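Enquirer: how does the following fold in three dimensions:
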Amino acid sequence: MSTTELPDSPAPSRGASGSAAGEHQRVRLADFPEKRHMAGAGNWLWELPWNGGKAVLKVYFGTRNPLLHVRKTISNALFSGRSSHMPRARCRIEKECLAAWSRHGFNVFGYHPEVVFEDLPEGGYLLFDYTTGTHFREYFKDASIPLETRMQTWRKFLVEWQRRHALAIQHGEPRLIHENGDVKHVLIQGEGDQQRFVSFDFEIIFRSRDLRDQVGREILAYLRSCGKFFGEEIYQVMLAETVAHYPDPSLLVAAWEHGWHNRNPLIRFARKLDRLLRAGKRKRFSKYTVAAELKRKLDEASLTNPA
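Expert: Alright, predicted model coming up:
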């Protein structure tokens, strides 16, 4: 797979958090007996009392065998074109992504680079602001919210989504592609004109030079997750809204190309074999099925509304 060196890393983004550069606040996790354990597998997550409120501590080492990180890192390098799976590398990439998204005006969790935990591995954790909101996966399947209201929210998201995609391609910036992007990793805050979207969970990026292809992959990931989480009826409505209101239809075509017509003939052949040999790749919300359906909707829209 074609790869390239990443651009120089931007300065850490602190959102609305953090102290002046050079000022460190030294603490120990052991000094927080009232911490609440939230998760622990690939990462440890703890909710901590912090400055009269709460914060979330993310430790990238988790409970998995270190050999698993090595195996995934080798697989990423040789096959998928992703960045390293090692804990410190994932922490570094997350900070770089937070900075890139913030620099371009996208909402992410604030964090505290000035806080040093003396009993945790250096470079292997981040202390995030405790951030509230409604998950996409909860909001769009909530029948108590009128469908039209939910689709208004989706249309707002489509505009912001396309702006990020365009910037990623324009600047050759893989950190603006959400490798783990789907409806599980976006929060909605506020209502009406004050509504905003907050994305999270940036640990891995793709290193491919082909940012258009990575945009197509991300579009498919979101649409597939709409089908898996919201069911056929809502998926069909959201797919139609995407075709009608995503501002750059050529990037929706990139989603079809990602699955069916990659510009690299070797990848195109490999995906043809993937479709033929793996039954799971022909399921209702596989990337190939969704990509083909998206292309049909685009073709129908172009016939209905010719340029």
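Enquirer: paired strands for whichever strand or helix holds Lys58, with orientation please.
Expert: Secondary-structure element containing Lys58, defined by DSSP states H and E: strand 53-59. Partner strands for strand 53-59, per DSSP bridges, with pairing direction: strand 44-50 (antiparallel), strand 125-129 (antiparallel).
Enquirer: what's in contact with the helix or strand following that strand?
Expert: Heading C-terminal from strand 53-59, the first helix or strand you meet, by DSSP H and E, is helix 66-75. Residues from elsewhere that reach helix 66-75 (CB atoms under 8 Å, 6 or more residues apart in numbering): Ser84, His85, Met86, Pro87, Ala89. (C-beta placed from N, C-alpha, C; glycine too.)
Enquirer: buried set for helix 66-75?
Expert: By neighbour count with 16 or more other CB atoms under 10 Å, helix 66-75 contains the buried residues His69, Lys72, Thr73.
Enquirer: stretch 263-280 now?
Expert: For stretch 263-280, by 16+ other CB under 10 Å, it's Ile267, Arg271, Asp274, Arg275.
Enquirer: from the residues you listed, which land in helices?
Expert: Counting by DSSP state H, these place Ile267, Arg271, Asp274, Arg275 in helices.
Enquirer: isn't the second one up against Glu257?
Expert: Right, Arg271. No: assessed by CB atoms under 8 Å, Arg271 is found out of contact with Glu257, at 10.6 Å.
Enquirer: now do the helices in the stretch 51-200 of the chain.
Expert: 66-75, 87-103, 136-139, 147-171 (DSSP state H, counting those that start in this stretch).
Enquirer: most tightly packed of those helices?
Expert: Among those, the stretch with the highest mean neighbour count (mean count of other CB atoms under 10 Å) is helix 87-103, at a mean of 21.
Enquirer: kindly export that helix (C-alpha atoms) in CSV.
Expert: C-alpha atoms of helix 87-103 as CSV (Å, rounded to 0.1, in the frame of the first residue of the first chain):
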residue,chain,number,x,y,z
PRO,A,87,0.2,2.5,23.5
ARG,A,88,2.5,5.5,23.4
ALA,A,89,2.1,5.8,19.6
ARG,A,90,-1.7,5.8,20.0
CYS,A,91,-1.5,8.5,22.7
ARG,A,92,0.7,10.6,20.4
ILE,A,93,-1.5,10.2,17.4
GLU,A,94,-4.6,11.1,19.5
LYS,A,95,-2.9,14.4,20.6
GLU,A,96,-2.0,15.2,17.0
CYS,A,97,-5.5,14.6,15.8
LEU,A,98,-7.0,16.7,18.5
ALA,A,99,-4.7,19.5,17.5
ALA,A,100,-5.5,19.2,13.8
TRP,A,101,-9.3,19.1,14.3
SER,A,102,-9.2,22.0,16.7
ARG,A,103,-7.0,24.1,14.4
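Enquirer: contacts for it next, please.
Expert: 9-13, 15, 60-62, 69, 73, 83-84, 107-109, 111, 113, 121, 123-126, 164, 173, 175-176, 199, 202-205.
Enquirer: and these, which are buried?
Expert: 10, 12-13, 15, 60-62, 69, 73, 83-84, 107-109, 111, 113, 124-126, 164, 173, 175-176, 199, 202-205.
Enquirer: where in the stretch 1-150 of the chain is pLDDT low?
Expert: For the stretch 1-150 of the chain, applying pLDDT under 70 flags the ranges 1-22, 40.
Enquirer: thinking again about what came up before, who touches the strand holding Lys58?
Expert: Residues outside strand 53-59 that contact it (CB under 8 Å, 6+ apart): 29, 35, 38, 43-49, 112, 117, 120-121, 124-131.
Enquirer: emit the PyMOL select command for whichever of the residues you listed are buried.
Expert: To isolate the buried members of the contacts of strand 53-59 in PyMOL, using 16+ other CB under 10 Å:
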select buried, resi 29+43+44+45+46+47+48+112+117+120+124+125+126+127+128+129+131
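Enquirer: how is the chain carved up into domains?
Expert: Annotated domains of the chain cover 25-129, 134-304 [automatic domain parsing].
Enquirer: distance between the ends of stretch 190-207?
Expert: 34 Å (CA to CA, to the nearest Å).
Enquirer: from the chain's centroid, how far away is that stretch?
Expert: 8 Å (CA atoms, centre = their mean, to the nearest Å).
Enquirer: likewise for stretch 171-188?
Expert: Stretch 171-188 has its C-alpha centroid displaced from the chain centroid by 3 Å (CA atoms, centre = their mean).
Enquirer: can you list the buried residues in it?
Expert: 173-179, 181-183, 185-188.
Enquirer: mind checking the strands paired with strand 53-59 for the one nearest to Glu138?
Expert: strand 44-50 (18.9 Å; CB to CB).
Enquirer: cheers, nothing more for now.
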